[in-house]
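**Q** Sequence isn't available, so here's the structure alone:
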C-alpha cells in the first residue's frame, strides 16, 4: 500500500519531488523498467523518472532493507547501459523512524568497486519543507516534528486550500494513508474528511484492491471448505461400502477414522434404506 501511494505521488507530482530533491522544478516523466532490458528487482517499489538529461531513481522504504545498496548499483548500471549520456540521481527515502544502522548506509562497496547514493530519513527532515508543495503534503506528518497530530492539522488546512477538488481529494487520501504509519486511524479520520477521500483515485484503487483480495480469500476458503467436505463425503462413502460388506462396526471406525457413533448412525441409515 505505502509503495503504491509513494509511487502515485512521485509520478503525479514529479515537479514537486524534483524541486525538493534536485533543487529545481525539472519536468520529469515516468521511465518504464522494461526499457532497461532486464527484469526489474522488486518492481513494485521502483520509481524511475526521467528528463532529457537526467534519470531520478527513487526508492521508498517503510522498513530497513539489507539489499538496498546492491539494488542501487544494479539499477545505476542498467540505466547507464540504456542511457550512457544521462546523469542519474538515486535517492532512498525511509518513511518510518528506526534505529537500524541500515538506514545510514549510502554506499555499495566490494573490492575494486564503490558506488554511492543518497539517503533521506524523513523523520530528520523539517516539516516546513513538505508544506511548500501539494505533492509533498502527505510526507509532512512523517517529518521532524514533536507533535504529529498538530502537523496533520496543519496539513489538512493546506489541503483545503488546493483549488482543484480532485487533486485535493487525492492528496488527502495519500496523507491519510501515510499518516497511518505514525498516528491512530481515529485521529486521522477526525482531521481528514473521509467522504472527500472516497472520491480520490488513490482511495478507490486501494478499496478495489482490498475488495479483490477479499473475494480471492473468500474463493480460497470456499475451495478449501469444498475439499474438506468432499473428503468427508468420500470417507463416509467408504464406510458405507465397508458396512455393506458386513465388516464389523469397530473395524470400519478404525479404518475410516470415524467415531463409533457415526458408524452406528450410518449402519442405521443403511438398514432403513433396505426396508
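**A** Thanks, I have the structure now. Computed from a predicted model, the values in this text were never measured in an experiment.
**Q** pretty sure residue 253 is in contact with residue 259, am I right?
**A** Yes: using Cβ atoms under 8 Å, residue 253 is in contact with residue 259, at 6.6 Å. To be clear about C-beta, it is placed using only N, CA and C from the backbone, and glycine gets the same treatment.
**Q** Who has more neighbours out of the two?
**A** Legend: neighbour count by other Cβ atoms under 10 Å for residue 253 and residue 259, higher for residue 253 (18 against 10).
**Q** Against which helices or strands is the helix or strand where that one lies packed?
**A** Using DSSP states H and E, residue 253 maps to helix 249-256. If contacts are counted by 3 or more Cβ pairs under 8 Å, 6 or more residues apart in numbering; DSSP states H and E, helix 249-256 sits against helix 201-244, helix 260-274.
**Q** and the ones you listed, which one's lowest on average pLDDT?
**A** Ranked by mean pLDDT, these bottom out at helix 201-244, with a mean of 58.
**Q** which stretches of the protein form helices?
**A** All helices of the chain, identified by DSSP state H, fall at 2-12, 14-22, 68-82, 127-130, 148-160, 165-179, 185-191, 194-197, 201-244, 249-256, 260-274.
**Q** and those helices, which is most packed in?
**A** helix 165-179 (a mean of 22; mean count of other Cβ atoms under 10 Å).
**Q** just the angle between that one and helix 2-12, please?
**A** 140 degrees (axes from the mean of the first three to the mean of the last three Cα atoms, to 10 degrees).
**Q** Kindly calculate the angle that helix 165-179 makes with helix 148-160.
**A** Using the same axes, to 10 degrees: helix 165-179 against helix 148-160 is 170 degrees.
**Q** model confidence over helix 165-179, on average?
**A** For helix 165-179, mean pLDDT is 90.
**Q** Same question for stretch 133-142.
**A** 95.
**Q** before we move on, the earlier item: so for residue 140, which of the helices of the chain sits nearest?
**A** Closest approach to residue 140 among the helices of the chain (Cβ to Cβ): helix 127-130, 3.9 Å.
**Q** For the closest one, which outside residues touch it?
**A** 20, 136-137, 139-141, 143-145, 151, 154 (Cβ atoms under 8 Å, 6 or more residues apart in numbering).
**Q** Alright, calling it a day.
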